[in-house]
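A.B. asks: based on what follows, work out the 3D shape:
(one chain, ligands or ions: 1)
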Amino acid sequence: MRYRAVLCGCGAMAKGWLRALIESSVLREKVEIVGLVDLDRATAEALAAEFNLGNILIGTDLPEVLRESRADLLFDIVVPAARRAVVAAGLAHGCHVLSEKPMAATLDEARELRRLATEASRVHAIVQNRRFIGGVRRIRRFIQSGALGELTALHCDFFLGPHFGGFREQMANVLLLDMAIHTFDAARFMSGKEPLAVYCHEYNPHGSWYRHGAAANAIFEFSDNVAFTYRGSWCAEGANTSWESAWRIIGSAGTLLWDGGDRFEANVVTGSEGFLRSVAPIAVPEAEDSADTNGHASVIEHFIRAIDAGTVPETDGSDNIKSLAMVFGAIDSARDGKRVTIAA
Ligand SMILES: NC(=O)c1ccc[n+]([C@@H]2O[C@H](COP(=O)([O-])OP(=O)(O)OC[C@H]3O[C@@H](n4cnc5c(N)ncnc54)[C@H](O)[C@@H]3O)[C@@H](O)[C@H]2O)c1
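C.D. replies: Numbers count the residues shown, from 1 in each chain. Coordinates of the predicted model:
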């Protein structure tokens, strides 16, 4: 089946979606964009012209465009504050909905959207594209193989100084809600563990060009006695890490370092004597399936395959809400200055 899709929210990220839809042969065959919606009609028209979308419906009223275009799918790329209403409109029309991250602006809104999706019997999944990259997939596979022994800890550093302008510089909890959601989701995915509790110190450093929460330090307790620590700032200029963070992952048998790019360094203990035991390097195998390492294209392909097969996609709301719960656990902890249990 070829699906008719309406794309709502025609800003910066929408271009990434349209590029993914063009570049993936699977998506070229399975998805047809039949409508564009934005609060600002000129923005939607400019996007249609840039991507040569031809004679499609363009409007500012989402329910009307969904109805007139007879859409099967809603691609939701609006700002987080508008997400709840947009997803609810898509589900009410009977669309399967794929949303940009974060899944919702609050945990209660996310729970409500889960309920609406279940009641409508429609797939509601989230673009958590940064788990669909080679490094994250390789590490999950490596950890699962037992090469590091029993997993004990994941530590990561995220330090960058991007000047976005736009909604990010105005929103509350900007680092945790807009960016750390990717990193927390990656930690959950790589480890295969459940997040149980968090303590977080969030603040806005001197000189920050964001209104609120450009830096955070969080300690998570995962299931099976695994710790995950996150140190992050979006107003740290001078020594950028990768957008994927720099990682130190420790198991009972050794350690893996990943710079968030191409550099992997894994060492496991080989000796049984001496103050510090001898170690030897081991290889980190490639991702199981390279088709799962193409970011947005891979997420959208998973979404379409799940609809075709009547299954649940990897980033379904029912799973993604656990990553969102990590974010809101961290936000609540920082606000109240105490350890918080995580409940999706
Ligand atoms: N996955 C990623 O790597 C990634 C990267 C960047 C942005 N994002 C996410 O994508 C989303 C959009 O970000 P962006 O950078 O494109 O923002 P943007 O501000 O460039 O674009 C958002 C667009 O949505 C429109 N809009 C807002 N409310 C609307 C509504 N109710 N109905 C219709 N249109 C509406 C705005 O007019 C604007 O054109 C955010 O949730 C952001 O977190 C994800």
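A.B. asks: from here on, contacts and neighbour counts on C-alpha atoms
C.D. replies: Fine.
A.B. asks: nearest spatial neighbour of the closest residue to the ligand within the stretch 201-344 of the chain, chain-adjacent residues omitted?
C.D. replies: Here the stretch 201-344 of the chain gets closest to the ligand at one residue, H296, 7.4 Å apart by C-alpha to the nearest ligand atom. If the residues on either side of it in the chain are set aside, H296 comes closest to N129, at 5.3 Å by C-alpha to C-alpha, 6 or more residues apart in numbering.
A.B. asks: G232 now?
C.D. replies: Using C-alpha to C-alpha, 6+ apart and skipping residues adjacent in sequence, the residue nearest G232 is F158, 4.5 Å away.
A.B. asks: what packs against the helix or strand encompassing the one you found?
C.D. replies: Following DSSP states H and E, one finds F158 within strand 151-159. For strand 151-159, the packing partners by 3 or more C-alpha pairs under 8 Å, 6 or more residues apart in numbering; DSSP states H and E come out as strand 226-233, strand 246-251.
A.B. asks: after the shortest one, next one along is what?
C.D. replies: Of the helices and strands lying after strand 246-251 in sequence (DSSP H and E), the nearest is strand 254-258.
A.B. asks: on that earlier part again, tabulate the helices and strands packed on strand 151-159 (CSV), appending mean neighbour count, distance to A46 and mean pLDDT.
C.D. replies: As requested, these are arranged in CSV below (neighbours: other C-alpha atoms under 10 Å; distance: least, C-alpha to C-alpha, whole Å; pLDDT from 0 to 100):
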stretch, mean neighbour count, distance to A46, mean pLDDT
strand 226-233, 21, 34, 98
strand 246-251, 21, 37, 98
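A.B. asks: and those strands as JSON lines, adding distance to E112?
C.D. replies: Shown next, in JSON lines, are the helices and strands packed on strand 151-159 (distance: least, C-alpha to C-alpha, whole Å):
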{"stretch": "strand 226-233", "distance to E112": "28"}
{"stretch": "strand 246-251", "distance to E112": "34"}
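A.B. asks: can you lay out the ones you listed as CSV showing distance to the ligand?
C.D. replies: Shown next, in CSV, are these (distance: least, C-alpha to the nearest ligand atom, whole Å):
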stretch, distance to the ligand
strand 226-233, 17
strand 246-251, 17
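A.B. asks: can you say which of those is nearest to T341?
C.D. replies: Ranking these by distance to T341, with C-alpha to C-alpha as the measure, places strand 226-233 first at 14.1 Å.
A.B. asks: distance between the closest one and the chain's centre?
C.D. replies: A distance of 16 Å separates the C-alpha centroid of strand 226-233 from that of its chain, computed with C-alpha atoms, centre = their mean, to the nearest Å.
A.B. asks: re earlier: any idea of the angle the strand holding F158 forms with strand 254-258?
C.D. replies: With axes from the mean of the first three to the mean of the last three C-alpha atoms, to 10 degrees applied, the angle from strand 151-159 to strand 254-258 works out at 20 degrees.
A.B. asks: strand partners (parallel or antiparallel) of strand 151-159?
C.D. replies: The strands beside strand 151-159 in its sheet (DSSP bridges) come out as strand 226-233 (parallel), strand 246-251 (antiparallel).
A.B. asks: so is the helix or strand that that strand is followed by next to the ligand?
C.D. replies: Later in the chain than strand 151-159, the nearest helix or strand by DSSP H and E is helix 174. No: contact between helix 174 and the ligand is absent, the nearest approach being 9.7 Å (criterion: C-alpha under 6 Å from any ligand atom).
A.B. asks: can you spell out which helices and strands pack onto helix 174?
C.D. replies: Where contact means 3+ C-alpha pairs under 8 Å, 6+ apart, helix 174 is not packed against any helix or strand.
A.B. asks: who's in contact with that helix?
C.D. replies: Applying C-alpha atoms under 8 Å, 6 or more residues apart in numbering, the set of residues contacting helix 174 from outside is R168, Y210, H212, G213, A214.
A.B. asks: intersect the residues you listed with the contacts of the ligand.
C.D. replies: Restricting the contacts of helix 174 to those adjacent to the ligand (criterion: C-alpha under 6 Å from any ligand atom) removes every one of them.
A.B. asks: now the angle from the helix or strand harbouring A216 to strand 151-159?
C.D. replies: Using DSSP H and E, A216 maps to strand 215-222. Put simply, strand 215-222 runs at 170 degrees to strand 151-159, going by the same axes, to 10 degrees.
A.B. asks: would you mind writing the CA trace of strand 215-222 as PDB?
C.D. replies: Only the C-alpha atoms of strand 215-222 are listed here, as PDB (Å, rounded to 0.1, in the frame of the first residue of the first chain):
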ATOM      1  CA  ALA A 215      23.100  22.900  31.500                       C
ATOM      2  CA  ALA A 216      22.300  19.800  33.600                       C
ATOM      3  CA  ASN A 217      24.100  17.100  35.600                       C
ATOM      4  CA  ALA A 218      22.100  13.900  36.200                       C
ATOM      5  CA  ILE A 219      22.700  10.600  37.900                       C
ATOM      6  CA  PHE A 220      20.300   7.800  36.900                       C
ATOM      7  CA  GLU A 221      19.700   4.500  38.600                       C
ATOM      8  CA  PHE A 222      19.000   1.800  36.000                       C
END
